[in-house]
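Trainee: This is the structure alone, sequence omitted:
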Ligand SMILES: CC(C)(COP(=O)(O)OP(=O)(O)OC[C@H]1O[C@@H](n2cnc3c(N)ncnc32)[C@H](O)[C@@H]1OP(=O)(O)O)[C@@H](O)C(=O)NCCC(=O)NCCS
């Protein structure tokens with residue numbers, strides 16, 4: 001669908017205004033525990049084939065089409081499957097230099113030797129078992145072991161409380177906030193740089 005048409009439809013859905021805030025988290029891989037459980041597999045295509053539709057908006061053929069395109073494009077995927085069913089996954093972009101975030105209509109640039117992960121997803125029937133936390137611990141350990149990774153990045157919407165809690169508990173620091181606001185036809189976009197100190201008053205609020 002052409003971008004202009006998409007924008008128009010979005011505006012008709014929320015005619016008076018909309019806002020979004022995205023927090024950019026960074027981990028510098030200091031003090032990373034290496035003796036952690038590693039239940040996720042890396043780039044294991046059979047796990048992807050074990051995808052079962054659990055969300056209305058993500059059917060299996062669409063998931064597989066996009067997953068294979070990403071792998072062929074050089075991205076990595078961590079997967080966790082159990083009893084023939086894919087239960088959790090997340091994607092890693094090696095050596096990421098920049099990323100565009102549609103929800104805030106902004107680009108962010110990363111320093112050299114940054115790896116970014118995105119689209120962490122745990123199926124509803126497997127939530128609350130620690131899979132997300134285990135996957136993040138495994139990722140940090142394996143990034144550290146690679147030796148060439150200096151920073152690990154991710155972006156979290158300000159209103160998604162669980163990932164903020166987990167990121168901070170694992171030693172990620174909020175580096176920036178990307179903001180978007182629209183009132184009627186007026187759009188404002190801006191970036192706040194934040195202190196790397198998680199206790200600082202500059203640290204982002206959990207809710208926008
Ligand atoms: C967010 C998500 C990845 C969490 O996965 P999960 O495997 O259930 O998370 P964990 O079991 O590792 O739990 C992590 C922490 O959050 C808490 N938690 C998990 N779900 C929670 C909920 N719905 N409400 C409150 N706390 C919750 C857990 O108790 C745990 O806290 P603790 O470490 O103090 O015990 C999962 O809910 C999901 O896929 N959501 C939809 C997609 C999404 O939001 N992805 C994140 C994008 S950045």
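Mentor: Done, it's in. What you see is a predicted model; the values in this text were computed from it and never measured. Numbers count the residues shown, from 1 in each chain.

Trainee: Can you tell me the closest non-neighbouring residue to residue 180?
Mentor: Excluding the flanking residues, the one nearest residue 180 by Cβ to Cβ, 6 or more residues apart in numbering is residue 104, at 4.0 Å. No exception for glycine: its C-beta is placed from N, CA and C like everyone else's.

Trainee: State the distance from that neighbour to the ligand.
Mentor: 14 Å (Cβ to the nearest ligand atom, to the nearest Å).

Trainee: so which helix or strand takes in that residue?
Mentor: Using DSSP states H and E, residue 104 sits in no helix or strand.

Trainee: Residue 152 now?
Mentor: Take DSSP H and E as the rule and residue 152 turns out to sit in strand 151-157.

Trainee: So is that strand next to the ligand?
Mentor: Yes: residues of strand 151-157 contacting the ligand under Cβ under 6 Å from any ligand atom: residue 156.

Trainee: What residues sit buried inside the very next helix or strand once past that strand?
Mentor: Next helix or strand after strand 151-157 toward the C-terminus (DSSP H and E): helix 161-169. Of the residues in helix 161-169, 163, 164, 166, 167 count as buried by neighbour count, 16 or more other Cβ atoms under 10 Å.

Trainee: Likewise for stretch 64-71?
Mentor: Neighbour count says stretch 64-71 has residue 67 buried, by 16+ other Cβ under 10 Å.

Trainee: Which residue lies closest in space to the residue nearest the centre of the chain, excluding its sequence neighbours?
Mentor: When Cα atoms, centre = their mean is applied to the chain, the residue found nearest the centroid is residue 118 (2.8 Å). Closest residue to residue 118 apart from its sequence neighbours, by Cβ to Cβ, 6+ apart: residue 91 at 5.4 Å.

Trainee: and that neighbour, how many residues sit next to it?
Mentor: Per other Cβ atoms under 10 Å, the neighbour tally for residue 91 reads 18.

Trainee: right, and it touches residue 135 too?
Mentor: No: here residue 91 does not reach residue 135: they are 11.4 Å apart, not a contact under Cβ atoms under 8 Å.
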